[in-house]
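Here is a sequence with its predicted model. Questions after.
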Amino acid sequence: MILDFLSRLVRGPNGLSPKDFVAQREASHPVLDVRTASEFAQEHLKGAINIDVSAPDFARQVERLAKKGKLKADEPVYLYCRSGARSGRATRLLRHQGYGQAYNVGGIGGLKRAGVGVGR
């Protein structure tokens with residue numbers, strides 16, 4: 001119960017629980033892993049796109065994905081990291097860039113416990 005409360009605090013107002021993510025996500029909607037490339041290489045959600053929120057060109061990387069048709073401002077995009085903190089920051093940045101359906105779905109551990117598949 002306390003962990004759920006803390007998770008909601010980290011995810012913020014633009015967040016979804018891992019269970020809600022599993023229930024709502026359509027396969028065509030992108031998932032962004034906003035951790036570092038080395039974290040991504042160790043383990044990531046199947047089909048996730050890696051774009052490090054700490055990189056100085058994060059906003060430009062988002063624009064490149066949009067130009068390639070991988071992100072659409074009028075469709076959901078889901079973000080995660082290790083704990084939900086970085087994905088919360090990335091969600092706010094995307095919403096500021098016009099992605100009104102950007103959602104922080106928390107940390108990879110919670111997503112795995114909710115049944116989301118991982119790969120390397």
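Thanks, I have the structure now. Computed from a predicted structure; not experimentally measured.

drop to CA atoms for contacts and neighbour counts, all remaining ones
Will do.

So which residues of the chain form helices?
In the chain, the segments counted as helices under DSSP state H are 2-11, 18-24, 37-42, 58-67, 85-96, 108-113.

could you dump those helices to CSV with mean pLDDT?
As requested, those are exported to CSV (pLDDT from 0 to 100):
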stretch, mean pLDDT
helix 2-11, 46
helix 18-24, 94
helix 37-42, 96
helix 58-67, 96
helix 85-96, 96
helix 108-113, 95
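
With respect to burial, which of those helices scores highest?
helix 85-96 (a mean of 22; mean count of other C-alpha atoms under 10 Å).

packing partners for it?
Using 3 or more C-alpha pairs under 8 Å, 6 or more residues apart in numbering; DSSP states H and E, the elements in contact with helix 85-96 are helix 2-11, strand 77-81, strand 102-107.

Tell me who's in contact with the spatially most central residue of the chain.
By C-alpha atoms, centre = their mean, the mean C-alpha position of the chain lies nearest to residue 79, the distance being 0.8 Å. Contacts of residue 79 were listed using C-alpha atoms under 8 Å, 6 or more residues apart in numbering, and they are 31-34, 87-88, 90-91, 102-106.

Also residue 78?
Residue 78 sits next to 29, 30, 31, 32, 102, 103, 104, 105 when contact means C-alpha under 8 Å, 6+ apart.

Produce a ChimeraX select command limited to the buried residues of those.
Remark: buried members of these, expressed as a ChimeraX selection using 16 or more other C-alpha atoms under 10 Å:
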select :30,31,32,102,103,104,105
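
Take the contacts of residue 78 and lay them out in TSV including pLDDT and distance to residue 113.
TSV is the format used below for those (pLDDT from 0 to 100; distance: C-alpha to C-alpha, whole Å):
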residue	pLDDT	distance to residue 113
29	96	21
30	97	20
31	98	17
32	98	18
102	97	22
103	97	19
104	98	16
105	97	13
